[in-house]
Each structure stands twice: as structure tokens, then as C-alpha cells.
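Visitor: need a 3D model of the following:
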Amino acid sequence: MASRIEDYALIGDCETAALVGRQGSIDWLCLPRFDSPACFAALLGTPDHGRWHLAPATESGAVRRRYRDGTLVLETEHETAEGAVVVTDAMLPRAGNPAVVRLVEGRRGRVPMRMELVVRFDYGSLVPWVRRVDDDLLAVGGPNAVRLTSTAPLRGAGLKTVADFTVAAGQCVPFVLTWFPSHQPAPARVDAADGIRRATEWWRDWSGRCRYDGEWREAVLRSLITLKALTYAPTGALVAAPTTSLPEWPGGVRNWDYRYCWLRDATFTLYALTIGGYVGEARAWREWLVRAVAGSPAQVQVVYGIGGERLLPEWELSWLPGYGGASPVRVGNAASAQFQLDVYGEVLDALHSARRVGLEPDENAWRVQRALTELVAEAWSRPDAGIWEMRGPRRHFTHSKVMAWVALDRSVRAALELGLDGPVERWRALRDTIHAEVCEKGYDRELNAFVQHYGAKRPDASLLLLPLVGFLPSRDPRVVGTVELIRRELEVDGLLARYHTDADLDGLPHGEGAFLACAFWLADNLALQGRQGEARELFERLLALRNDVGLLSEQYDPIGGRQLGNFPQALSHVGLVNTARNLTRSGGPAEHRPHAAIRPPAARAV
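Guide: Coordinates of the predicted model:
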């Protein structure tokens, strides 16, 4: 039986990441970068598809784990009848080849330990050539090679490498797995204890620069550390999650590859980073954004590779049964070929917001913004696939039209506020035309609410963004009615579904969990309407859904009480950071946008 998604913790080096289970198994790791084929794929298959298990040989009693303060260095303590050990897991800050370090330390008694290493390149399909080289173990398959270094006695057994050893109090046994190209010599060995020390210092230096000082600081800092871990340092990109095909419903087919960069996350991510004081990361993200969308405006995509790659063909891994039997397992993402109108508004909002939060103006960014604005002016009236990347027929989604309005609005504001060159009057007239059409065709007077798409009778949680992007004031009766309709039809145990899933609408079978980012947007809306008590209660509920080390996936199953979807999910952690700031004091992300100022009552409890 597969471990629950929330049983995993994250380690990473800002170029790739691994998931470590509560019982000591690394079940997912792609080397040397996020989007590389996995060499540990047990998460989506079986142990024979690749994993690295390290735990007491006998059944553990209590298992406690935590991150070292301000770091992504994980400590897992196992209590057994024979004694206690701590396994410390980390990926080393990149100074060359990626390396995973695992250090076993005896705390009490003498504890028998078991290590099993199953390396399978190409998502569990390739059994490598394994041999000893001096005292190390070397596994080679195609372009990839990994070397395992340890003082434990290593031996082969049934296409896996094992070690049985005993750790006494005060004793340490190191394991270091290093990746390198198979055509190159193996790199220098890494001292495990020194590597963990360096990883601890690196993360504490980074987290020590956090400037967030409001309520829930520990949760915010953990989310910021998670977002940092999901950045690809060489380019400044941010992956949506480090995994693929973790299902949105147990056993379901809504399984997508999230190891890529979605443009629509740009604005929220930028605010989250600048809230924490990480302007350098925000600048790198903007620079990646400008490079990624460079070229013909008509060829802008919703999603890119971490280097800005555009070709992301989607295919299925037939040899992997999927997490908990949820299939297919997908690599690549067909959404890269969809027309999604809203993404242009997200990009232009991000560029405009970057200037408003203090990033220096960028001439190239304005050139890109002008070109994309002209594209929106030509394309805004077309139906599209929408924010949720519907695989059914294109429709006139209300949220998409609102984001077309955002695109025009931000370019008008940038030109007027900063004196930038552009056809302001034409843009302004078109902005007003779009606004009028949305209020006429996207609003249902009988429901007193905006609806999912023109002519629909159902809501969509993306409409919670209307006041957050400044389309209408938060206390406008139409916005209040929309929030009420969303809660009435999409609320599940206090959380929110994205929309009513329907094969005719999105081309897929019914069924998915509550989408966590939508619940954060709801908390923002409640706060904007002055309903601080309800907003804070919902936010505390969301905090309680984090796992024991503070991580959130994409979705949550209120019935089964478990996390769902790819993990950890950047957008969920972005929502946590932004909503915490919104509820803590004025000046949060929503306040930077027109009409959306959050003004908590003076009597608010602190």
C-alpha cells in the first residue's frame, strides 16, 4: 500500500528535489534536475522501480521528524526496542554534481539498521550496470551514473544493493549518493557530516534574510523555504511541484506532470517572494519570464520548461502502475499547446506588479508587455481553455475575460504612472469595452453572481479573483453574491472545489479533491469584505491541513482526510504566504491591486 502523500518530506538543492517517506525511504528523485527522468520512482510504482530505504531493521516504535530550524535539512528519529537513531537527510547546495546525503547517528543503545538501494533510471524502466570501484558502488545506465559511498558493508542481492549494520550510541554511519554524467570521471567524494553542515549553513543564511514579521511567521517561513526549494537556480524558474502524476482523486485519471513553470503563477509568486524580502529571487523570476515569452506574441504558452523550453509533449509511462493505482502516469504536459486567454493578464500583472513592489524598470519587459497587450487586443473575444486547462470544448470563460481586462488595465496604468510609450487611449477604450461585456454576459442577474462562462448557471472558484485583481470592489453586491454562490455550490467541509467537474466540460471523468489555493482566495475575499473572524478561522483550518513538517499538496480530500495531487505544491504555499500577510495587516498582496485594499478593523485581535 502506498504511503499517504502527506507522509513525505521534501529535500532539495534548488535544481532538483527528492521525497523522503516517514519510514525512511526516498521514493522519488530526478537527477540532475527537476524534469529529468527519475532514478527513484517507487512513488509511482513499486520498490523495484527505484527507491532508497534506510531505517531500523526491526519495526520502529515512535517516529518523529522535523526540519532543522530555517533549513530543508530533515531529521527523522526512530525509537526501537534496542535504542534510538536519527537519520539526517539533505541535498547539498550545488557547487558541482548533485549529491544526496544520509547520515545515521546512534542516540541510545545499539540499533540494527537496514539499507536497500534500488537505482532504476528512466522512470524505473532501466536496470543499470552496477559494479564496485574501490570501496564505492557505481551504477551506470545510458547517460547517467550514480556513485554510493559509505562505511557500511555493501553487497548485492537480487538486483539491489543492501547493507546490514548496527549503530551504537555516539556512532555515525554516512551514505552519499552522487550523480554525474556517465562519460565523465566520478567526482571527488563528499564528507557526509561536512555536507550536512554546509547545507544547514546555506539554508540558515537564506532564511535568516526573511523580513516577514507578522503572525504565523513560522508557517510563512516554511512556505518560503519550500518555494525557494522549487526554484531552478540556474534560470530563476519556479516549478509548480517536483512530482508528476500524483492523482487529484484516489485511483483517478487526473494525473499531470507539474515539474514545469506556469506563467499564471507569476504574480502571486512574485508577491510571496517580495513579502519575505527576497527581491533577488523575484528579479530572477521576472528575468526568466521575459526570456520565456520572448519571440512572437502569438506563440506565448501557458507553461514552459525550467530553462524556458516550449516543446513539452505529453506521453504515458505504461510500465508504472501509478500512485495507489492511479493511472496513467504522464510525462510532459499537453496544456502547453492550449490557448488560455487569462495567462496574458497574469503575465502583464506580474510585470506591472514587479515595478510596484520595487523592482527596477526593465526596458525589455516593457517591450514584451506592449507586444502582449496588442495580442490581447486582437484575441480577447475568442473562446479559450480557461484557467483550469479544460480538455473539453473551448468556451468564453468569465475569468479569462476578466484577465484580458487586467492585461489592458495594467498596461494603461504602467504607461500613465511611469510615462512609458503606448497607445493609451485605444487600450483604455478596449479595457472599458471588455469590462462592460463581462458585466453583461458573465453575470447572471437571477443568481446575482458571476458564472463560470457566458450562459452558464454554475460558479467557478476562479471568480474569487475578481476583487483580488481589481475588476470590481470586494463589497460590490455582485462580488458578494458571487462569493455566496461559490460557497453554496462548491464548498466541501469548509474547503472549495474548483468547479463542478463534468466530462462534457473538461473532457475527463468526475472526481477531484478540494483545491487548496481556492480556499486561500476565499479567505482573502472574506477579509476584503471585513469578515475578519471568518477569514482567520478558514486560514487556521488551512494551516491545520499541512503535514507534520509544514507541507501542502495541491488538493485535499475532506472525506478521506488526506492530501491529494502533486506535492509539495508551489501555488498552495504561495497562497499561504499571501493570505497570512493579508490577514496580518494592511499592505498585503491584495492591497497593491486597484480596489482591493484590505483594511482590518482597529479592534482586530493580534
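
Visitor: grab the nearest non-local neighbour of A354.
Guide: R286 (5.0 Å; C-beta to C-beta, 6 or more residues apart in numbering). Backbone N, C-alpha and C define where each C-beta goes, glycine included.

Visitor: find the least confident helix or strand in the chain, judged by mean pLDDT.
Guide: helix 503-506 (a mean of 64; mean pLDDT, DSSP states H and E).

Visitor: surely V167 is in a strand?
Guide: Yes: assessed by DSSP: H, G, I helix; E, B strand; the rest coil, V167 belongs to a strand.

Visitor: that one pairs with what?
Guide: V111 (DSSP bridges).

Visitor: contacts only, for it.
Guide: Going by C-beta atoms under 8 Å, 6 or more residues apart in numbering, V167 touches V85, V104, E105, G106, R110, V111, M113, V173.

Visitor: closest one of these to A514?
Guide: V85 (37.7 Å; C-beta to C-beta).

Visitor: for that closest one, what is the enclosing helix or strand?
Guide: Using DSSP states H and E, V85 maps to strand 83-91.

Visitor: so what secondary structure elements neighbour that strand?
Guide: Counting contacts by 3 or more C-beta pairs under 8 Å, 6 or more residues apart in numbering; DSSP states H and E, strand 83-91 packs against strand 8-12, strand 17-21, strand 51-56, strand 74-79, strand 99-118, helix 192-207.

Visitor: which of the residues in it are buried?
Guide: G83, A84, V85, V86, V87, T88, D89, A90, M91 (16 or more other C-beta atoms under 10 Å).

Visitor: do the same with stretch 92-103
Guide: L92, P93, R94, N97, P98, A99, V100, V101, R102, L103.

Visitor: save the residues you listed as JSON lines, and put in pLDDT too.
Guide: What follows is those, written out as JSON lines (pLDDT from 0 to 100):
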{"residue": "L92", "pLDDT": "94"}
{"residue": "P93", "pLDDT": "92"}
{"residue": "R94", "pLDDT": "91"}
{"residue": "N97", "pLDDT": "95"}
{"residue": "P98", "pLDDT": "97"}
{"residue": "A99", "pLDDT": "97"}
{"residue": "V100", "pLDDT": "98"}
{"residue": "V101", "pLDDT": "98"}
{"residue": "R102", "pLDDT": "98"}
{"residue": "L103", "pLDDT": "98"}
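
Visitor: okay, those in CSV with distance to E512 next?
Guide: Below are the buried residues of stretch 92-103 laid out as CSV (distance: C-beta to C-beta, whole Å):
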residue, distance to E512
L92, 37
P93, 37
R94, 36
N97, 39
P98, 33
A99, 37
V100, 32
V101, 37
R102, 35
L103, 39
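
Visitor: and which of those is nearest P313?
Guide: Among those, P98 lies closest to P313 (C-beta to C-beta), at 25.6 Å.

Visitor: the lengthiest helix in the chain - what's its average pLDDT?
Guide: Criterion DSSP state H: the longest helix present in the chain is helix 398-418. Summarised as a single mean, pLDDT over helix 398-418 is 94.

Visitor: which element follows that helix toward the C-terminus?
Guide: From helix 398-418, the next helix or strand downstream (DSSP H and E) is helix 424-441.

Visitor: which strands and helices sit next to that following helix?
Guide: Using 3+ C-beta pairs under 8 Å, 6+ apart, helix 424-441 sits against helix 363-379, helix 398-418.

Visitor: sheet partners, orientation included, of the very next helix or strand once past that helix?
Guide: Going down the chain from helix 424-441, the next helix or strand is strand 443-444, by DSSP H and E. Strand 443-444 sits in its sheet next to strand 449-450 (antiparallel), going by DSSP bridges.

Visitor: just how off-centre is the partner strand within its chain?
Guide: Relative to its parent chain, strand 449-450 has a centroid offset of 29 Å by C-alpha atoms, centre = their mean, to the nearest Å.

Visitor: what's the first helix or strand after that strand?
Guide: Taking DSSP H and E, what comes next after strand 449-450 is helix 465-468.

Visitor: same question for that following helix, mean pLDDT?
Guide: The average pLDDT within helix 465-468 is 95.

Visitor: apart from its chain neighbours, what residue comes closest to H396?
Guide: Nearest to H396 is Y454, by C-beta to C-beta, 6+ apart, at 4.2 Å.

Visitor: need the contact list for that neighbour.
Guide: R395, H396, T398, K441, G442.

Visitor: show the buried residues in those.
Guide: R395, H396, T398, G442.

Visitor: and A429, how many neighbours?
Guide: Number of residues near A429 (other C-beta atoms under 10 Å) recorded here: 12.

Visitor: mind starting the numbering at 52 from now?
Guide: New numbering, starting at 52: the last item is A480.

Visitor: can you tell me the element L602 falls in?
Guide: Going by DSSP H and E, L602 is not in any helix or strand.
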